[in-house]
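Q: with the input below, show me the fold.
(one chain, ligands or ions: 1)
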Amino acid sequence: MIRSVIRGSGSALPAQVVTNADLQERVETSDEWIVERTGIRQRYIAGEGETTSTLATAAARRALEAAGMEASAIDLIVLATATPDQTFPATATIVQDNLGCNGGIAFDVAAVCSGFLYAMATADSMLRTGMAKRALVIGAETFSKILDWDDRTTCVLFGDGAGAIVLEAQDVAEDGPGLIATRLHADGAHNELLYVDGGPSTTGTVGHLRMKGREVFRHAVVNLADVLKEVLEGTGYSASDIDWVVPHQANARILDATARKLGLSIDKVIVTVDQHANTSAASVPLAYDTAVRDGRIKPGDLVMFEAMGGGFTWGASLARV
Ligand code: UT7
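A: Residues are numbered from 1 along each chain as shown. Have a look, this model is predicted:
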């Protein structure tokens, strides 16, 4: 059967680290509150010359290197972001030009924190139907540019970064590597719980992120537990077969609650929220690449990716890596 196989991963972070103590200087907050409520200890914030496309390009180069592939082998780039360099063209086309693999398909996907799951599913569909052979799937964000730095309820939660994987269409055995199953959802009724209060067609400004965190938290735990069970259905696998869960990194308490609902030990969950904070569409590939490079995720492992974010959008994907 034709499956999309993960051939390599890469990630990139801005040079500047901002700690909770640094934020204490800016808004009325404390390291204690941030760590206790979210698990976040620090985040990386883009400086001069660092944009969504520069971080995405660096992550993509590392993923290509890990895959042992030249950029010229790539005929599809799907980039998930809510913070593009420009309103248009798509940041994916900027990355394509930076890599010098012009001519293939390149476009952005907007599903906020679930963006990487949506991008991976889109690339997977295109690879399995033969529209392309090798794809770069990238999640890249500079949320620091859309934060209200006077709003303590949101500015302490997010960071910047990028992660990427190379997917290749391969003819594999049923128990071989590749993406096995994906489920995606959206419910547009919850716009007012997590949104940006600006945009080209409304205010003509970029706007700032606004979130009713407590309500989002409640929906996240329920939706993620449901979609994780749903994606396992019909695959022949159960939660106990999963070697690693690679979740969206919004809040350590959401990761704990989701693992508990699945009956999984938190030791099987890749946690990077303490180091990276919430990097929206970048957080899943950033966490995946971190765990591949530190040797936790190994070839042959059964990995569950999952995310939930603005829209609401949410989804999960099961893969043999
Ligand atoms: O990535 C997309 C998905 N996003 C998420 O999944 C985020 C989900 N939500 C969360 O992670 C949590 O709800 C937050 C971390 C955002 C907030 O944690 P919480 O335990 O739900 O706190 P809360 O919003 O109920 O606020 C508790 C208190 C409030 O004070 P009062 O009203 O009880 O007096 C807040 O004003 O904490 C206060 N507070 C802060 N205090 C110190 C809010 N932000 C801060 C802060 N420092 N930075």
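Q: only C-alpha atoms for contact and neighbour calcs from this point on.
A: Noted.
Q: number of nearby residues for the residue of the stretch 51-200 of the chain found nearest the ligand?
A: Scanning the stretch 51-200 of the chain for proximity to the ligand using Cα to the nearest ligand atom identifies residue 153 as nearest, at 3.6 Å. Residue 153 is surrounded by 17 other residues when neighbours are defined as other Cα atoms under 10 Å.
Q: quick one, phi/psi of it?
A: When read as degrees, to the nearest 10, the backbone of residue 153 gives phi -70, psi -10.
Q: give me the pLDDT for it.
A: The confidence metric pLDDT takes the value 98 at residue 153.
Q: report the secondary structure state of the nearest residue to residue 188 once chain neighbours are set aside.
A: Leaving aside its sequence neighbours, residue 188 sits nearest to residue 311 (Cα to Cα, 6 or more residues apart in numbering; 5.3 Å). Classification of residue 311 using DSSP: H, G, I helix; E, B strand; the rest coil returns coil.
Q: please renumber so the chain begins at 898
A: Renumbered: residue one is now 898, and that last one reads residue 1208.
Q: what is the helix ranked longest in the chain packed up against?
A: Among the elements of the chain assigned as helix by DSSP state H, the one spanning the most residues is helix 1110-1129. With contacts taken as 3 or more Cα pairs under 8 Å, 6 or more residues apart in numbering; DSSP states H and E, helix 1110-1129 sits against strand 1075-1083, helix 1149-1159, strand 1199-1206, strand 1210-1217.
Q: the third one pairs with which strands?
A: For strand 1199-1206, the paired strands and their directions (DSSP bridges) read strand 1141-1144 (parallel), strand 1210-1217 (antiparallel).
Q: mean pLDDT for the helices and strands packed on helix 1110-1129: which is lowest?
A: Taking each of the helices and strands packed on helix 1110-1129 in turn, the one with the lowest mean pLDDT is helix 1149-1159, at a mean of 92.
Q: quick one on the thing from earlier: so what's the residue of the stretch 948-1097 of the chain closest to the ligand up against?
A: Counting by Cα atoms under 8 Å, 6 or more residues apart in numbering, residue 1050 touches residue 1110.
Q: 10 Å instead?
A: 924, 925, 926, 931, 1107, 1108, 1109, 1110 (Cα atoms under 10 Å, 6 or more residues apart in numbering).
Q: just the pLDDT for the fourth one.
A: Meaning residue 931. Per-residue confidence for residue 931 comes out at a pLDDT of 98.
Q: leaving out chain neighbours, which residue sits closest to it?
A: Leaving out its chain neighbours, the residue that sits closest to residue 931 by Cα to Cα, 6+ apart is residue 937, at 6.2 Å.
Q: what sits against the one you found?
A: Residues counted as contacts of residue 937 (Cα under 10 Å, 6+ apart) are 916-917, 928, 930-931, 1053-1055, 1146-1149, 1169-1175.
Q: which helix or which strand is home to it?
A: Assigned by DSSP states H and E, residue 937 falls within no helix or strand.
Q: would you mind measuring the gap between the ends of stretch 1164-1180?
A: Using Cα to Cα, to the nearest Å, the end-to-end distance of stretch 1164-1180 comes out at 18 Å.
Q: can you mark which positions in it are buried?
A: Of the residues in stretch 1164-1180, 1166-1180 count as buried by neighbour count, 16 or more other Cα atoms under 10 Å.
Q: tell me where the stretch 998-1147 of the chain has strands.
A: Counting by DSSP state E, counting those that start in this stretch, one finds strands in the stretch 998-1147 of the chain at the ranges 1002-1006, 1031-1039, 1057-1068, 1075-1083, 1091-1093, 1106-1108, 1141-1144.
Q: could I get the ones you listed as CSV with mean neighbour count?
A: Supplementary listing: those in CSV, determined by neighbours: other Cα atoms under 10 Å:
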stretch, mean neighbour count
strand 1002-1006, 20
strand 1031-1039, 32
strand 1057-1068, 28
strand 1075-1083, 20
strand 1091-1093, 18
strand 1106-1108, 18
strand 1141-1144, 25
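Q: would you reformat these as CSV and include distance to residue 1200?
A: Below are the strands of the stretch 998-1147 of the chain laid out as CSV (distance: least, Cα to Cα, whole Å):
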stretch, distance to residue 1200
strand 1002-1006, 23
strand 1031-1039, 17
strand 1057-1068, 14
strand 1075-1083, 9
strand 1091-1093, 28
strand 1106-1108, 30
strand 1141-1144, 5
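Q: let's have the ones you listed in TSV, adding distance to the ligand.
A: Conversion of these to TSV gives the following (distance: least, Cα to the nearest ligand atom, whole Å):
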stretch	distance to the ligand
strand 1002-1006	16
strand 1031-1039	12
strand 1057-1068	13
strand 1075-1083	13
strand 1091-1093	8
strand 1106-1108	8
strand 1141-1144	11
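Q: tell me which parts of the stretch 898-1047 of the chain are close to the ligand?
A: Within the stretch 898-1047 of the chain, the positions lying close to the ligand (Cα under 6 Å from any ligand atom) are 926, 927, 930, 934, 935, 1010.
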